[in-house]
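Student: Whatever this is, show me its structure:
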Amino acid sequence: MFEYASPTDESASPHALHTQQGHHGHQAALEDGLDFINTLDTDRGAVVDRIETAEAALKWLFDHNLMHRDALARLEKTAAESPPVASRIANRVRRVRDAMRELVEATVDRRPPRSEQLAEVNRALKTHYIYELVPAPDGVSMDHRHEGDPVEGALARLAESLARELSQGQPERLRICANDTCDWVFADTSRTGKRKWCDMSTCGNRAKAARHRERQKAHDEGLASP
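Tutor: Here you go, the predicted model:
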């Protein structure tokens, strides 16, 4: 059974990107996969794309320990010198992100995903990276090396993080924020499994305030009626 690290502190803002630098491991956590999906954000009804450019996409992959520094530098240089290459990188990353979101939405809606989006995720999963043993202070440890495009390798690991959850984890715990102006995806780690909002202090309070305003308006209109 694969294991992944899940966030447990519900008081932390889910909109914060997890950019802690660490060992470039061979698996991405579910948290990384959901962060990736949430790079297309809705902030009070306004759409914000945090990886709109190749530069932003490459930096995001590096910050999430999905790409080595030398690969980042090489790809940034190539993208800066060739707008068509930059466009291909950005479009590829966004296609996989959109396909992963569709898989989450389909799971939440209890329906099959759209075939073209499922095929997109399956294409991402076909990228190979080779496991190998490397020296460690107490013997050996497992690491990996890329075969081919490092962007495709990073996308494969992100797609794999979601695939593991959908097939071997707790897909029934995947959520989309109930705030209509948010649409943030998250894993419900609450004890009851009934969490509705990505963050109670933001979307939860906004939803409650909106319901209060609607009830107050209905009450006022009732009093004003003859």
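Student: All the helices of the protein, residue numbers only.
Tutor: 30-37, 54-63, 69-81, 83-109, 115-125, 150-168, 205-224 (DSSP state H).
Student: With mean neighbour count, distance to R191 and mean pLDDT as extra columns, can I get these in TSV?
Tutor: (Glycine included, C-beta is placed from N, CA and C.) Below are those laid out as TSV (neighbours: other CB atoms under 10 Å; distance: least, CB to CB, whole Å; pLDDT from 0 to 100):
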stretch	mean neighbour count	distance to R191	mean pLDDT
helix 30-37	24	18	97
helix 54-63	21	31	97
helix 69-81	14	40	97
helix 83-109	18	20	97
helix 115-125	16	31	97
helix 150-168	22	19	95
helix 205-224	11	21	48
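Student: Out of these, flag the one nearest W184.
Tutor: W184 lies closest to helix 30-37 among the helices of the chain, at 8.8 Å (CB to CB).
Student: For the closest one, name the packing helices and strands.
Tutor: In terms of contacts (3 or more CB pairs under 8 Å, 6 or more residues apart in numbering; DSSP states H and E), helix 30-37 is packed against helix 83-109, helix 150-168, strand 185-187.
Student: Could you provide these in JSON lines, with additional columns for distance to D41?
Tutor: Formatted as JSON lines, the helices and strands packed on helix 30-37 follow (distance: least, CB to CB, whole Å):
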{"stretch": "helix 83-109", "distance to D41": "11"}
{"stretch": "helix 150-168", "distance to D41": "17"}
{"stretch": "strand 185-187", "distance to D41": "11"}
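Student: of the ones you listed, which approaches A124 most closely?
Tutor: Closest among these, once you apply CB to CB, is helix 150-168, at 4.0 Å.
Student: The closest one vs helix 30-37, what angle?
Tutor: Going by axes from the mean of the first three to the mean of the last three CA atoms, to 10 degrees, helix 150-168 is angled at 120 degrees with respect to helix 30-37.
Student: List of residues touching helix 150-168?
Tutor: The contact list for helix 150-168 (CB atoms under 8 Å, 6 or more residues apart in numbering) reads 1-2, 4, 26-30, 32-34, 36, 58, 61, 66-68, 71, 75, 89, 92-93, 96, 100, 103-104, 107, 121, 124-129, 146-147, 171, 174, 187.
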